[in-house]
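Asks: Have a look at this prediction, sequence included:
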Amino acid sequence: MTREEAVRRIKQVAKEKLIKLDLSRLNLKELPSEIAKCTHLKELDLRHNEITSIPEAIGQLSHLISLGLDNNEIPSIPEAVWQLSHLTGLGLSGNQITSIPEAIGQLSHIILLELGCNQITSIPEVIGQLSHLKFLELSWNQITSIPEAIGQLSNLAKLRLYDNKITSIPKAIGQLANLTTLALTKNQITVIPDVIGQLSNLTELELSNNRITSIPESLGQLSNLEWLDLSNNKITSIPRSLGQLSNLEWLNLSNNKITSIPRSLGQLSNLTKLELSHNKITSIPEALGQLLCLTLLSLNNNAITFVPKTLRSLEKLKTLGLGENPLPIPPEILQNIQSYKPGELLTLLDFYFQTCDQFEETAETLNTSSQPQVTDKAMEATESVRPQTSQLRKDIAALYAINARLAKAAEPDGSTSTKVARAALKAQTSLIAAIKALEKMDDIVTSDY
């Protein structure tokens, strides 16, 4: 039935001299030889079938400019294809092709070439002859290297080589002056060459899931870059030059070994998403508060102990990830940290940091006032020196002041959400316990008089 339907469509196209023929999704195992009658055909869609071979007759379609053979069972590129001298688009992704023959250099007008999801192991040097090529898709293959001839593709705009076995980027890549997208995710690359900085028209650079250890300063020269993904590598530091990427909108450096964030990132005025989770970052620079377009800030699983108040300036922030950091927050709050809206979370953190500051001051005072000193003061006391004026009482008073602020926060109003109020109330519990402990200590000191 499916072959009959294909033949019917072919005859109709031949009779009416149509230029487009859609034979996709017909479960075809072969292309009917009647296709040779469609001499006016310019576009032929054979995608999503079960075709294993292409008849020589297809080479007679001299006007053909687009041929779609994606998602079939073709083991090799049919020789008849090389006769299609006007072909500008060839799709062969999702087949069983193992090699790209030298004859591909004959497709002198080809603009789009898709060979992803095959079993190709190498790219021939002859690829450099395709001077009109703008889009090259070779993702999900077993390619181990990129030939230097790639640099001859002066019109190439998009180069996709996801999920291969490539170990290095050739210096010739820097010659691709019109390249806008370079996708090399999930390979075995260890070094980003400095020549990448010469790709002045690059807008997308995807190098995640590799073995890269450092980012070259030259990346800061990519003034048109909008998307930079270097996640899941072994990078230890972020160069200050990244702050020069004035058009950058998305920066992903998660799952690396980064220890600090340079202040220069605060200059990325168009940045909307910043992902730095699963690193070894210990602090957040105040300069990040200048990223007024930021909608997502992910800092989960780091070593951050403090969040600067400047982040309160990020009014467009919709997602703030701070989970799995050693922040001074009770465990029950930390477990639900993802449920807080950014504004609520930052307000909550402010309360805790204020509290911790006061605790530190109190602890410091107590440490400098050891028990022998207190005992000596008690022994020398007279009627004019009362326990109310002791340093211990001052410390208790300071904690009561903190408790008063938390109590105010625990009463939701127009400026404090219910969630923050509940958090403040829980903070009061531990604070009151500390006050009671100090008051008990004060009672002991008082009984010495």
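Replies: Nice, I can see it.
Asks: quick one: terminal-to-terminal distance for stretch 228-242?
Replies: 10 Å (C-alpha to C-alpha, to the nearest Å).
Asks: Check the offset of it from the chain's centre.
Replies: Relative to the mean C-alpha coordinate of its chain, stretch 228-242 is positioned 11 Å out (C-alpha atoms, centre = their mean, to the nearest Å).
Asks: Tell me which residues are up against it.
Replies: With C-beta atoms under 8 Å, 6 or more residues apart in numbering as the test, stretch 228-242 has contacts from 185, 205-221, 245, 248, 250-262, 264-265, 268, 275. In this view, the C-beta of every residue, glycine as well, is placed from N, C-alpha and C.
Asks: If we use 7 Å, what do you get?
Replies: The contact list for stretch 228-242 (C-beta atoms under 7 Å, 6 or more residues apart in numbering) reads 205-215, 217, 219-220, 248, 251-259, 261-262, 264-265, 275.
Asks: In strands only, show me those residues.
Replies: Of those, the ones assigned to strands by DSSP state E are Leu205, Glu206, Leu251, Asn252, Glu275.
Asks: Just the closest of these to Ser53, please.
Replies: Closest approach between those and Ser53, by C-beta to C-beta: Glu206, at 35.1 Å.
Asks: Count the neighbours of the closest one for me.
Replies: The number of residues packed near Glu206 is 20, by other C-beta atoms under 10 Å.
Asks: what's across from it in the sheet?
Replies: Beta-bridge pairing for Glu206 (DSSP bridges): Ala183, Asp229.
Asks: so what pLDDT did it get?
Replies: pLDDT, Glu206: 98.
Asks: now Leu346
Replies: At Leu346, pLDDT is 72.
Asks: for Ile104, same thing?
Replies: For Ile104, the predicted pLDDT is 94.
Asks: now Leu31
Replies: Leu31 is assigned 91 on the pLDDT scale.
Asks: Count the residues that sit near Lys257.
Replies: Neighbours of Lys257 (other C-beta under 10 Å): 13.
Asks: In this structure it contacts Lys280, no?
Replies: Yes - proximity of Lys257 to Lys280 meets the contact threshold set by C-beta atoms under 7 Å, at 6.0 Å.
Asks: list the contacts for the closest residue to Ile58 other than its chain neighbours?
Replies: Closest residue to Ile58 in three dimensions, ignoring its sequence neighbours and counting by C-beta to C-beta, 6 or more residues apart in numbering: Ala80, at 4.8 Å. Residues near Ala80 by C-beta under 7 Å, 6+ apart: Ile54, Glu56, Ile58, Gly59.
Asks: Apply 10 Å and report the result again.
Replies: Contacts for Ala80 (C-beta atoms under 10 Å, 6 or more residues apart in numbering) come out as Ile54, Pro55, Glu56, Ala57, Ile58, Gly59, Gln60, Leu61.
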